[in-house]
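S.K.: got a predicted model here, sequence first, then my questions.
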Amino acid sequence: MHLDHAASHDGPAAVGADAHRPDGARRALRIGLGGPVGSGKTATVAALCRVLRDDVSLAVVTNDIYTREDAEFLLRAAVLPPERIAAVETGACPHTAIRDDISANLEAVEDLEDQVGPLDLILVESGGDNLTATFSRGLVDAQIFVIDVAGGDDIPRKGGPGVTTADLLVVNKTDLAPYVGSDLTRMAADARAQRPRLPVILQSLREEDGVGAVADWVRARLAAWTA
């Protein structure tokens, strides 16, 4: 289910970081994915890779505190060639590496462009964090925030910067709603109230083309980026 809203006040092509590499070539579009632990960020990244990889030159940077667990999941799933998946071990609270000290992530995305480029798209996945997690606009050009119905249907109503300001909010695992007592209608209404001008997608990756609406949103961002 895709809840359409007006475009973000930043506009679809707005960026915080320089859009060009030192050689003058346009760099890859960078999209960050954040959200609480277990919300389905890595599964969403994997599904996006499978859908987009035949048409888009892309790579992924994952963030974990002390391990390479998310990168290893993507490698086992063979969603991309190994050289297109990089892992950052933050060693601290995950949002530090995506918002406060972004140097390790910047180095990772720049190394990927140098080693396997030219790239159209780099997905930067945050380690699992809370509702305050947001990406620095010096690191990514757009942000997706992923929550899931098992976390409680009051999550959209609670708000927080991740829910209210991300360019796209994804309410994941909708297939679990009947089993965990979550009211999808209520979640959708609360999300609309928190994000009156920003889009929301309700998603189940267990459905055929489950990531399709998110993939379409990414394609639209890419089209604006390359226009």
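M.R.: Received it, and whenever you're ready, just let me know what you need. Because the structure is a prediction, the values reported are computed rather than measured.

S.K.: next SSE downstream of the least confident helix or strand in the chain by mean pLDDT?
M.R.: Ranking every helix and strand in the chain by mean pLDDT, DSSP states H and E puts strand 2-3 at the bottom, with a mean of 55. Heading C-terminal from strand 2-3, the first helix or strand you meet, by DSSP states H and E, is strand 29-34.

S.K.: how about Val60, what does it touch?
M.R.: Listed by C-beta atoms under 8 Å, 6 or more residues apart in numbering, the contact set of Val60 reads Val45, Cys49, Ala71, Leu74, Leu80, Arg84, Ile85, Ala86, Ile122, Leu123, Val124, Glu125. The way it works is simple: take the backbone N, C-alpha and C, and place the C-beta from them, glycine included.

S.K.: one more pass at 7 Å, please.
M.R.: Val45, Cys49, Leu74, Leu80, Arg84, Ile85, Leu123, Glu125 (C-beta atoms under 7 Å, 6 or more residues apart in numbering).

S.K.: how close does the nearest residue to Ala150 once chain neighbours are set aside sit to Glu107?
M.R.: Excluding the flanking residues, the one nearest Ala150 by C-beta to C-beta, 6 or more residues apart in numbering is Val180, at 4.9 Å. Using C-beta to C-beta, to the nearest Å, one gets 39 Å for the distance from Val180 to Glu107.

S.K.: so Val60, which of the three states?
M.R.: Here Val60 is strand, with the state taken from DSSP: H, G, I helix; E, B strand; the rest coil.
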